[in-house]
Structure formats: structure tokens, C-alpha cells
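Engineer: heads up, no residue letters with this:
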């Protein structure tokens, strides 16, 4: 079974609108972390936001927020007021166990977001 | 700029040749990760080091692949007898430490095997 599922291969959004990128995950661990990364066409992976499984508040970082619904095992990324520079691939990732010394990440297949002027 | 550098950024080689990539991590971090990303997929874990010790290897790391971190600083990933299926982006990452231990990635090495 897929550990991270991103069901939207591609999305087109008008500039300045908000967009939600979906991510569901599967784990039997009680302690885990969820991450979102952005990958522009240049290829580098840029960290956006983190949510720990025990965090009660949804994470926010500037225009990025993570809609964490633990019971549904979903961790959707919300980008407010989208900009042309937001056009990129977006990956959801999970780190299981949160054991010190092993930060191995499992990634989804990504969503390609295109912002339309 | 994450402080993680990789060299070369692009490599084109013919099938059957050997290639070696290098990763220079953020200097104070003792753990270093390698991932491989094929077209249309997310990165997949290959292996990781704590200092010079290689602690875990994925099943993706066939016997043609070898990784080293001789002095616990930079790391190399070598692929022997390259195959067209090895064409991918090879990413190196180090954790930031702290509560989240977020991994920061280098710019990657894009390998094309002809």
C-alpha cells in the first residue's frame, strides 16, 4: 500500500486564488512527521512546512498552511493568494517513528501546480 | 541556498560506464542521506550515513551502487556499469537538527544514461 498518496497529478489555479493540494498518508506509528516540499523546474527540493503527529494546531508558514486531519490521515497543503512563482511540483512526505538519528522520508508522487496569470 | 552542494549538476554517460557523484553537506551535521528521483516520481530513499558509518541501504541500491563517506564529511555515490534505468536525479540531504529534523536537500545531480 502507498504510504503517501497525492491524487492530483496536476492543478491549474488563477493567480491570487487559494489552492489546496491533497495528501493522505498511511502509517501504524503514533509518532510521525509530515512535510511538504516544493520542486521548481530547476530541480531543487525546497522545504515548505512541517506538521508533527502530536501537534494540536495546524502548522502555518507565511502563505502556506497545513490542514491536518489526523483521524482521516490527511495533511493537505493550502497556499493562499497564489503567485506565478508558486508554479512547481509539490511533494508531500512522511517521516515515521520520529526516532532520533533516522530522518528518512517517504514521498508521494507529487502534484504539478500551474498558476495562470 | 541550503548549504548542501552536489557535483556535478548534470552528467551524461554511455551505458556501461562508471559514474561518481559527490555531496558536500552542511558541515556540522553528522547524518547524510541519498535519494533517487525518476521522472514523474517523488524521491526515493537510497541510503544514509551517520558520520562515516553507512547505517541503512534500500533495496533500490543494487550491487552496482556504492556509497561512501570516508571522513564523515562529504559523501560519494558511485554507479558501476550504468544502465538506462539509472537515469534519474540523485539528491543528497542533511537534517537540520532541532525538533523537526527537517531534511534540507542539495540541488541534485541529474544523470542521463544513453
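Structural biologist: Okay, I see it. These numbers were taken from a predicted model, which means no experiment stands behind them.

Engineer: what's the pLDDT at the spatially closest residue to residue A:33 that is not a sequence neighbour?
Structural biologist: Closest residue to residue A:33 apart from its sequence neighbours, by CB to CB, 6 or more residues apart in numbering or on different chains: residue A:95 at 4.4 Å. For glycine as for every other residue, the C-beta is placed from the backbone atoms N, C-alpha and C. Each residue has a pLDDT score; the one for residue A:95 is 92.

Engineer: just residue B:28 next, same as before
Structural biologist: With respect to pLDDT, residue B:28 scores 68.

Engineer: check contacts around the residue in chain A that chain B sits nearest to.
Structural biologist: In chain A, the residue that lies nearest chain B is residue A:107 (3.1 Å; CB to the nearest CB). Contacts here follow CB atoms under 8 Å, 6 or more residues apart in numbering or on different chains; on that basis residue A:107 touches A:4, A:37, A:91, A:92, A:93, B:42, B:43, B:44.

Engineer: near chain A, which residues of chain B?
Structural biologist: B:2, B:31, B:33, B:35, B:40-45, B:48, B:50, B:55-56, B:89, B:91, B:93, B:95, B:99-108, B:110 (CB under 8 Å from any CB of the partner chain).

Engineer: quick one, phi/psi of the closest residue to residue A:42 other than its chain neighbours?
Structural biologist: Nearest non-adjacent residue to residue A:42, counting by CB to CB, 6+ apart: residue B:107, 7.5 Å away. When read as degrees, to the nearest 10, the backbone of residue B:107 gives phi -70, psi -10.

Engineer: count the residues that sit near residue B:107.
Structural biologist: Using other CB atoms under 10 Å in any protein chain shown, residue B:107 has 19 other residues around it.

Engineer: quick one: residues contacting it.
Structural biologist: Residue B:107 is in contact with A:42, A:43, A:44, B:4, B:5, B:6, B:9, counting by CB under 8 Å, 6+ apart.

Engineer: please apply the same query to residue A:70.
Structural biologist: Here residue A:70 is in contact with residue A:53 (criterion: CB under 8 Å, 6+ apart).

Engineer: quick one: end-to-end length of stretch A:104-117, please.
Structural biologist: Across stretch A:104-117, the terminal residues are separated by 37 Å (CA to CA, to the nearest Å).

Engineer: can you pull out the low-pLDDT segments for chain A?
Structural biologist: Where chain A drops to pLDDT under 70, the residues are A:1, A:98-101.

Engineer: at 80 what do you get?
Structural biologist: Along chain A, the parts satisfying pLDDT under 80 run over A:1-2, A:97-102.

Engineer: touching, residue A:27 and residue A:96? I think so.
Structural biologist: Yes: if you go by CB atoms under 8 Å, residue A:27 and residue A:96 touch, sitting 5.4 Å apart.

Engineer: please name the nearest non-neighbouring residue to residue B:102.
Structural biologist: Closest residue in space to residue B:102, ignoring its immediate chain neighbours: residue B:96 at 4.9 Å, by CB to CB, 6+ apart.

Engineer: per-residue confidence for the one you found?
Structural biologist: 79.

Engineer: who's in contact with it?
Structural biologist: B:29, B:102, B:103, B:104.

Engineer: number of nearby residues for the third one?
Structural biologist: Residue B:103 is surrounded by 27 other residues when neighbours are defined as other CB under 10 Å.

Engineer: near chain B, which residues of chain A are found?
Structural biologist: Checking chain A against chain B by CB under 8 Å from any CB, the hits are A:4, A:33, A:35, A:37, A:42-47, A:50, A:52, A:91, A:93, A:95, A:101-110.
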